[in-house]
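Trainee: Here's a sequence, model it:
(chains A and B)
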Amino acid sequence: MDKIGGVVVSHGQFANELLLAAEQVVGEIPHIAAVSIGWHDNVEVAQSEIERAIKSVSSGKGVLLLTDMFGGTPTNISAMFLKENEVDVLTGVNLPMVVKLASQNKESTLAEMAEMVEKQGRESIYRAGDLLDPHKSKA
Amino acid sequence: MIKGRVKVINRLGLHARAAALVVKKAAEFESKITLIREEKSIYADAKSILSVLTLAAAQGMELMLEVDGSDENAAFEAISSLFETGFGEV
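Mentor: Next up, the predicted model:
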């Protein structure tokens, strides 16, 4: 099964490290790449790096760009690649979102995948105390 | 369907690495495998790491393991043995 590709795009080294962390959890993820945009890189350089990354992970089923923060340069440059059924962008990437995109086990369209990854990202934020309840769990 | 309790004995609990082992093992079987944290009614599909992590199962906690399918005996044994050996961490 061909997978939908992914590119994590961030300021600094966050994207590389996030992808490495995801690989620690689920093993190698050949269909996701990382682009870290240096604080001083110019737009053209960053743009061509993202373009190269998109090509490297594309299997023809579309590529989802996962960026660090809405309104930031990585997101703004990523948004230049938006194209229906080909490239979609989700902002505010977290580790569960990368894991979700890594573990595709059934066929889906880019739009469906973007929706699933977005939902996963939102639902993966917990106030730990509400869930852990340490006193009860030790019983 | 087979049901039985499993206990988390390793210090770090059912953390990401341990959950990844469960998911990898569960994927080897055809059966539907569910881990349940009963007091909170949290049901986790043992074949999805993000689902298993929502159990937030700490050391000492007991979970219900439910396995349903053609290879349920082998699957139950394999998953419970991961818990019994503390995911290789004890």
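Trainee: Excluding chain neighbours, what is closest to the residue lying farthest from the centre of chain B?
Mentor: Seen from the C-alpha centroid of chain B, the residue lying at the greatest distance (Cα atoms, centre = their mean) is B:Ser70, 18.2 Å away. Nearest in space to B:Ser70, with sequence neighbours left out and distances taken as Cβ to Cβ, 6 or more residues apart in numbering or on different chains, is B:Glu30 at 5.6 Å. Every C-beta, even on glycine, is put in place using the N, C-alpha and C of the backbone.
Trainee: need the contact list for that neighbour.
Mentor: Contact analysis of B:Glu30 by Cβ atoms under 8 Å, 6 or more residues apart in numbering or on different chains lists B:Gly69, B:Ser70, B:Asp71.
Trainee: What pLDDT does the model give it?
Mentor: Note for B:Glu30: predicted pLDDT of 97.
Trainee: who in chain B is up against chain A?
Mentor: Contact residues (Cβ under 8 Å from any Cβ of the partner chain) of chain B with chain A: B:16-17, B:20, B:39-40, B:48-50, B:53-54, B:56-58, B:60-61.
Trainee: of the contacts of B:Glu30, closest to chain A?
Mentor: Minimum distance to chain A across the contacts of B:Glu30 is 16.6 Å, recorded for B:Gly69 (Cβ to the nearest Cβ).
Trainee: how near is the nearest residue to the closest one once chain neighbours are set aside to B:Ser41?
Mentor: In this structure, B:Gly69 finds its nearest non-sequential neighbour in B:Ser31, 2.8 Å apart by Cβ to Cβ, 6+ apart. Computed as Cβ to Cβ, to the nearest Å, the B:Ser31 to B:Ser41 distance reads 22 Å.
Trainee: Neighbour count for these two, which is higher?
Mentor: B:Ser31 (22 against 7; other Cβ atoms under 10 Å in any protein chain shown).
Trainee: Just list whatever residues bridge to B:Ile36.
Mentor: B:Tyr43, B:Met64 (DSSP bridges).
Trainee: so who does the spatially closest residue to B:Ala18 that is not a sequence neighbour touch?
Mentor: Counting by Cβ to Cβ, 6+ apart, B:Ala18 lies nearest to B:Phe87, which is 4.0 Å off, once chain neighbours are set aside. Taking Cβ under 8 Å, 6+ apart, we find B:Phe87 in contact with B:Asn10, B:Arg17, B:Ala18, B:Leu21, B:Val22.
Trainee: which SS class is the second one?
Mentor: Same thing as B:Arg17. What DSSP: H, G, I helix; E, B strand; the rest coil gives for B:Arg17 is helix.
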